[in-house]
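Chemist: No sequence on hand, only this structure:
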């Protein structure tokens, strides 16, 4: 099946306009069929040995969200002192999650024992199943953007907070907690670029021909 | 910026028709502007703290490819005995890489020290930078598909083979070695599904509402 030039441009539009959304969420609920399409996009990610090690836990109730939000707050406070003093004020200013505002949370996990123990393609690089699950998240991120839904990955939280709040068994790895919702707008640029925290790297400095060359 | 329904359907077409390609590569070289677009797609992946930790090493010469292929062959032989006896014949039958046939190899790496040492969003979950690099690979995979180019991720190879062949410094993590090229055709289904190695999981068994529920 051929992809046309118009379809290709649509993919690039989605890739370049995707943002990590932490604010600007609105409370409009996401219809079930839209959630279904985003999850199907995740489920059609590549997986090592066709292992499909992912699960998706959907979070919509405020009580569970509050528990997760408290976990984020604690982890954020714990992190501040790791930054150089001149960076701490900026760090405090950033909004780094939208746990309460986003109508939907999705915790994405990896069952490393699924279809195992020996998985084609994981014999030498055992982390491949974790990476497969990250591919699922990236598919979901792009699908959400194509549905005009913002998605933010909350990484400032300890796994055990999510494990307890969502009753995730010990043998299941937690990969990410995602916040999803319609948004007032998508920013033109990543916020950390906008705020001058870091600049976009020149891609020519990241490309090596034949061998590593820096 | 709004994504239209037609554009959304184009994204889903790309997501659902993407394959992990190991055979059917043809030798037609990939034009530089196409390679450039695929790399830009990778470079516009989300990254923790806008760290952009990735590098891309482009491999086109046969001598380097041969060294990598030998590394794959050794790792494949090393892996066979891990499979149950009744699975070994199938395992031997599968073609699991297209290193020599694909005109372009791309090794994608992660520099964990870039823009560090303290990175927003990596303070609690240190693996986030590795995961960002995987997001870049998934963007490249979809971009390649939208360019009607096949891509296969070779995971049956030891990092030190790639490190030596491509002169990758010790402090740089190797995430994946990708084979890219135009193809005779894209399969309708993943090969491991087609061959009956594993079936596609029913997505309803992977979705949990509110809490983990199995």
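Modeler: In hand now; what should we look at? Note that this is a predicted model, so its numbers are computed, not measured.

Chemist: How far away from the center of its chain is the lowest-mean-pLDDT helix or strand in chain A?
Modeler: When the helices and strands of chain A are compared on mean pLDDT, DSSP states H and E, helix A:85-93 comes out lowest with a mean of 90. Chain-centre distance of helix A:85-93: 24 Å, with Cα atoms, centre = their mean, to the nearest Å.

Chemist: Following element in sequence after it, please.
Modeler: Next helix or strand after helix A:85-93 toward the C-terminus (DSSP states H and E): strand A:104-111.

Chemist: centroid residue for chain A?
Modeler: residue A:153 (3.8 Å; Cα atoms, centre = their mean).

Chemist: you'd agree it is up against residue A:176?
Modeler: Yes: Residue A:153 is within contact range of residue A:176, at 5.2 Å (criterion: Cβ atoms under 8 Å). (Each C-beta comes from the backbone N, C-alpha and C, glycine too.)

Chemist: Could you tell me which residues touch both of the two?
Modeler: residue A:137 (Cβ atoms under 8 Å, 6 or more residues apart in numbering or on different chains).

Chemist: which stretches of chain A form strands?
Modeler: Ranges of strands in chain A, per DSSP state E, are A:54-59, A:104-111, A:149-154, A:172-182, A:207-209.

Chemist: Highest mean neighbour count out of those?
Modeler: Stretch with highest mean neighbour count among the strands of chain A: strand A:149-154 (a mean of 26; mean count of other Cβ atoms under 10 Å in any protein chain shown).

Chemist: Now do that strand: distance to the chain's middle.
Modeler: Chain-centre distance of strand A:149-154: 6 Å, with Cα atoms, centre = their mean.

Chemist: how far does stretch A:178-190 sit from the chain's center?
Modeler: Centre-to-centre, stretch A:178-190 and its host chain are 13 Å apart (Cα atoms, centre = their mean).

Chemist: same deal with stretch A:144-152?
Modeler: Centroid displacement of stretch A:144-152 relative to its chain, using Cα atoms, centre = their mean, is 11 Å.

Chemist: what does stretch A:169-176 give?
Modeler: 15 Å.

Chemist: Same check on stretch A:101-110?
Modeler: Remark: stretch A:101-110 is offset 9 Å from the chain centroid, using Cα atoms, centre = their mean.

Chemist: likewise stretch A:36-48?
Modeler: In this view, stretch A:36-48 has its centroid 13 Å away from the chain centroid, taken as Cα atoms, centre = their mean.

Chemist: Show the average pLDDT along it.
Modeler: Predicted confidence along stretch A:36-48 averages 98 (mean pLDDT).

Chemist: contact partners of it?
Modeler: Against stretch A:36-48 from outside (Cβ under 8 Å, 6+ apart): A:52-54, A:56, A:108, A:119-122, A:128-129, A:131-133, A:135-140, A:142-144, A:147, A:149, A:180, B:12, B:15-16, B:18, B:20, B:138, B:141, B:153, B:155, B:201, B:203, B:206-207.

Chemist: again with stretch A:6-22
Modeler: Stretch A:6-22 is contacted by residues A:3, A:94-98, A:141-142, A:145-146, A:150-153, A:179, A:181, A:183, A:186-187, A:190-191, B:1, B:3, B:6-8, B:10-11, B:13-14, B:37, B:41, B:44, B:46, B:139, B:142-143, B:146-147 when judged by Cβ under 8 Å, 6+ apart.

Chemist: so what pLDDT did residue A:156 get?
Modeler: We note a pLDDT of 97 for residue A:156 in this prediction.

Chemist: how much space is there between it and residue B:150?
Modeler: In this view, residue A:156 and residue B:150 are 38 Å apart by Cβ to Cβ, to the nearest Å.

Chemist: Check residue A:84 too.
Modeler: Separation of residue A:84 from residue B:150 (Cβ to Cβ): 45 Å.

Chemist: Then residue A:16?
Modeler: Residue A:16 sits 23 Å away from residue B:150, going by Cβ to Cβ.

Chemist: quick one: stretch A:163-170 to chain centroid distance?
Modeler: Between the mean C-alpha location of stretch A:163-170 and the chain-wide mean there is a distance of 19 Å, by Cα atoms, centre = their mean.

Chemist: So that stretch, near chain B or not?
Modeler: Yes: counting by Cβ under 8 Å from any Cβ of the partner chain, chain B has neighbours in stretch A:163-170: A:166-169.

Chemist: Can you flag the buried ones in these?
Modeler: Buried subset of the residues of stretch A:163-170 next to chain B (neighbour count, 16 or more other Cβ atoms under 10 Å in any protein chain shown): A:166, A:168.

Chemist: would you turn the residues of stretch A:163-170 next to chain B into CSV with pLDDT?
Modeler: Below are the residues of stretch A:163-170 next to chain B laid out as CSV (pLDDT from 0 to 100):
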residue, pLDDT
A:166, 98
A:167, 98
A:168, 98
A:169, 98
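
Chemist: still on that earlier bit, in PyMOL, select just the buried ones from the contacts of stretch A:36-48.
Modeler: Here is the PyMOL command that picks out the buried ones among the contacts of stretch A:36-48, judged by 16+ other Cβ under 10 Å:
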select buried, (chain A and resi 52+53+54+56+108+119+120+121+122+128+129+131+132+133+135+136+137+138+139+140+142+143+144+147+149+180) or (chain B and resi 12+15+18+20+138+141+153+155+201+203+206+207)
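
Chemist: Just the contacts of stretch A:36-48: which are in helices?
Modeler: A:128-129, A:131-133, A:135-140, A:142-144, B:12, B:15-16, B:138, B:141 (DSSP state H).

Chemist: re the thing from before, as TSV, the strands of chain A with distance to residue B:162 would be great.
Modeler: What follows is these, written out as TSV (distance: least, Cβ to Cβ, whole Å):
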stretch	distance to residue B:162
strand A:54-59	27
strand A:104-111	24
strand A:149-154	28
strand A:172-182	25
strand A:207-209	13
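
Chemist: Could you point out which of those strands sits nearest residue A:197?
Modeler: For those, proximity to residue A:197 was assessed by Cβ to Cβ; strand A:149-154 is nearest, at 16.3 Å.
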